[in-house]
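K.L.:
would you be able to build a 3D model of this:
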Amino acid sequence: MFSKIWLLLFVLYVVPDSSNGQKAKHFFRPDYTYIEATQSFYKFHRTPLPWLEAKARCALEGAILFHPEDSAEAQVAISFWNATQPAINGIYLGLSDMISEGDFVTVDGKPVGDVYSNWLAKQPDNHQGEDCASMNQDGVMNDVLCSGRHSFMCKKHLESLQWNPSCNMSNLDYTLDAKSGKCFKLHTTPMDWTEAFTACSAELTNLAVINNQEEANYIKKLMDSVPAQKIGGNYVRGMFHMGYHNRLNEGWTTVKGTRLNENSTVFWGGSVPDDNDSQQCGAMFYTGRLTPVNCSHRSLFVCEHQVDCLTMAEQ
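P.N.:
So this is what the prediction gives:
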């Protein structure tokens, strides 16, 4: 008990005093590399994604889909690329003309004429509707189909870095529940359970798991902040994805790998879900009770972050 009180006092009083020091520490996230020459953080994603998904992934991480600001940054990025993923030949850039054909704009709203622009000869040509941009290891750009799958980099400029001192993380959307020492975020864009799991992971957090009634009450309070939806003339409150599943058909577990036990029954309304149930993911009603749900069901969801993960901020 004493250690938990000390932790909360540390987070509430000591961490805020040093929050502005994150820029001096050059720390954003443990999976990003800081490069002094550009005063920016970079992360290479090897797994190919379509352009819109790559853009969304960077946004979930608190960054943007990379595009070089100038020739100097292009060379820095290529050096980082060659040092970390030399076998990958090309990457998406945060640049497209999806809104207005022929008018390439960066993901942060800059016209292509104001940033690095080194197109292959006779490109861009919009062949078969190519509205997105890519770059090879020589720094040469080409327009490509946005539906194609390419590796990509995400970027965070040091100057844009902000810190959430209460939650000891860069994401400002998480709020601290002082009783549990956890921070929570309610995502209001509906996703299926797997997409929700991925979104939390991208923020270096987990789909929320309830350990006690205080946590359940806090999450329910977050849910109460979302207005009911009008469906068929009636106002309906839905459910929210949580960190429980039986996706592997090995019995119900939390996203942290712990099996459900008898202590969990109170949160499930009297009994834990059946391992043979066709509904293999977990959700919470507005009442605060958990329920099995089809994993394909699109819903809002809650992510959690343990505040005492202090080692990341000390790197």
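K.L.:
hey, which helix or strand in this structure has the poorest pLDDT?
P.N.:
The helix or strand of the chain with the lowest confidence, counting by mean pLDDT, DSSP states H and E, is helix 2-9 at a mean of 43.
K.L.:
what packs against the following helix or strand past that helix?
P.N.:
Later in the chain than helix 2-9, the nearest helix or strand by DSSP states H and E is helix 22-25. Helix 22-25 sits against no helix or strand, with contacts defined as 3 or more CB pairs under 8 Å, 6 or more residues apart in numbering; DSSP states H and E. Just so you know, the C-beta spots here come from the backbone N, C-alpha and C atoms, and that holds for glycine as well.
K.L.:
helix 22-25: which residues count as buried?
P.N.:
residue 22 (16 or more other CB atoms under 10 Å).
K.L.:
what's the spacing between it and its chain's center?
P.N.:
Per CA atoms, centre = their mean, to the nearest Å, the displacement of helix 22-25 from the mean C-alpha position of its chain is 22 Å.
K.L.:
can I get that helix in CSV? Just the C-alpha atoms.
P.N.:
Output of helix 22-25 as CSV, limited to C-alpha atoms (Å, rounded to 0.1, in the frame of the first residue of the first chain):
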residue,chain,number,x,y,z
GLN,A,22,11.5,15.2,-22.4
LYS,A,23,12.7,17.3,-25.3
ALA,A,24,16.1,17.7,-23.6
LYS,A,25,16.2,13.9,-23.1
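K.L.:
in its sheet, what does the helix or strand that it is followed by sit against?
P.N.:
Later in the chain than helix 22-25, the nearest helix or strand by DSSP H and E is strand 33-35. Partner strands and pairing direction for strand 33-35 (DSSP bridges) are strand 40-49 (antiparallel).
K.L.:
residues of the partner strand that come out buried?
P.N.:
40-45, 48-49.
K.L.:
max pairwise distance over the residues you listed: which two?
P.N.:
40 and 48 (23.1 Å; CB to CB).
K.L.:
just to revisit the earlier point, JSON lines for the buried residues of strand 40-49, including distance to residue 163 and pLDDT?
P.N.:
Converted to JSON lines, the buried residues of strand 40-49 look like this (distance: CB to CB, whole Å; pLDDT from 0 to 100):
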{"residue": "40", "distance to residue 163": "17", "pLDDT": "97"}
{"residue": "41", "distance to residue 163": "14", "pLDDT": "97"}
{"residue": "42", "distance to residue 163": "19", "pLDDT": "98"}
{"residue": "43", "distance to residue 163": "18", "pLDDT": "97"}
{"residue": "44", "distance to residue 163": "24", "pLDDT": "97"}
{"residue": "45", "distance to residue 163": "24", "pLDDT": "97"}
{"residue": "48", "distance to residue 163": "32", "pLDDT": "97"}
{"residue": "49", "distance to residue 163": "28", "pLDDT": "98"}
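K.L.:
with those residues in mind, which one is nearest to residue 98?
P.N.:
residue 49 (15.7 Å).
K.L.:
thought that closest one was touching residue 148?
P.N.:
No. Applying CB atoms under 8 Å as the test, residue 49 and residue 148 come out as separate, 9.6 Å apart.
K.L.:
which residues touch residue 297?
P.N.:
For residue 297, the contact set (CB atoms under 8 Å, 6 or more residues apart in numbering) comprises 192-193, 239, 281, 283.
K.L.:
rerun that using 7 Å as the cut-off
P.N.:
Residue 297 makes contact with residue 192, according to CB atoms under 7 Å, 6 or more residues apart in numbering.
K.L.:
now it: how far from residue 210?
P.N.:
19 Å (CB to CB, to the nearest Å).
K.L.:
what do you get for residue 253?
P.N.:
14 Å.
K.L.:
which one's more surrounded, those two?
P.N.:
Between residue 253 and residue 210, counted using other CB atoms under 10 Å, the more crowded position is residue 210 (27 against 18).
K.L.:
so the more buried one makes contact with residue 266?
P.N.:
No. Between residue 210 and residue 266 there is no contact under CB atoms under 7 Å: 9.5 Å.
K.L.:
what about residue 30, how many neighbours?
P.N.:
11.
K.L.:
swap that for residue 110, please
P.N.:
Number of residues near residue 110 (other CB under 10 Å) recorded here: 15.
K.L.:
show the pLDDT at it.
P.N.:
For residue 110, the pLDDT comes out at 95.
K.L.:
what sits up against stretch 81-88?
P.N.:
44, 46, 137, 151.
K.L.:
isn't the second one right up against residue 152?
P.N.:
To tie it back to what came earlier, the one meant is residue 46. No. Contact criterion CB under 7 Å: residue 46 and residue 152 do not qualify, at 9.3 Å.
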